[in-house]
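[1] pasting the sequence and the predicted coordinates here, then a few questions.
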Amino acid sequence: MNIAVLGWGSVVWNAGSLHLEGRFQCDGPALPIEFCRVSRDGRLTLVIDQRVGTPCKTYSAKSAFVDIHQAVSDLVAREKTPGPARIGFVDLIRDIGNEDVKARQPRTFQMICEWMREKGFDGAVWTALPAKFKPITNRAFSVQAGLQYLEGLAPDKLSLALNYIRMAPPEVLTPFREAVNRNWPAERVQGN
């Protein structure tokens, strides 16, 4: 079974413990992603969000595993999630997938299945964390709300947050990232 691991954020530049055959390539499906998840350390990280996400080209790598459940467990370990509930997966051979993720993101799930068929993959796994901006900030995500959130961070947290945004693959060009690049040019950040 050929299983793709999809990525668009830190997993692309730091696969960590993932068991892959080869490196991530920029040949994944275009998915609606945005920097709209507040992480434990305060960064705004990339997630799929059908409401505010911008279609961006993603990356894929072939999993070293041939069993979908092992590939899911591998991504759980890399992402340090408490379990498989936050990992999207689909297995076209057995016609199974993460039904919660499918219910939350039906269009995205369909786009991934179409891409898999086109590329000859039997399965795929991806990180399917929720946006988690509003529960932390009490505001719906928007470019302006995201910028205001960053402005409120302590300098060390802001530096960490900007580094994550700058490290994202160049294909991940969202309205928020463009606004961050205008408001915090790299020279200004390096010179503080």
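    Arrived safely, thanks for sending. Numbering: from 1, shown residues only.

[2] for the record, mean pLDDT for the lengthiest strand in the chain?
    Assignment by DSSP state E gives strand 30-38 as the longest strand of the chain. Computed over strand 30-38, the mean pLDDT rounds to 97.

[3] go on, stretch 50-63?
    Averaging the model's pLDDT scores along stretch 50-63 yields 96.

[4] quick one, helices of the protein?
    Using DSSP state H, the helices of the chain run over 10-13, 68-79, 99-104, 106-119, 134-137, 143-151, 155-167, 175-183, 186-190.

[5] what is the burial count for Q105?
    Neighbour count for Q105, taken as other CB atoms under 10 Å: 22. Glycine gets a C-beta too; all of them are placed from N, C-alpha and C.

[6] contacts for the longest strand of the chain?
    Strand 30-38 is contacted from outside by 6, 8, 44-50, 52-58, 107-108, 111-112, 129-133, 136-137, 141, 146, 149, 165, 168, 172, 174, 176-177, 180, using CB atoms under 8 Å, 6 or more residues apart in numbering.

[7] for D122, give me phi and psi.
    Listed backbone geometry of D122 is phi -90, psi -20, with angles given as degrees, to the nearest 10.

[8] low-scoring stretches of the protein, by residue?
    Along the chain, the model assigns pLDDT under 70 to residues 187-192.

[9] and with 50 instead?
    Judged by pLDDT under 50, the chain has its weakly predicted residues at 188-192.

[10] which residues does M116 contact?
    Contacts for M116 (CB under 8 Å, 6+ apart) come out as 4, 90, 92, 122-124.

[11] and those, which two are furthest apart?
    The most widely separated members of those, counting by CB to CB, are A4 and L92 (11.1 Å).

[12] next, the angle from the longest strand of the chain to helix 155-167.
    Regarding strand 30-38 and helix 155-167, their directions subtend 180 degrees when assessed with axes from the mean of the first three to the mean of the last three CA atoms, to 10 degrees.
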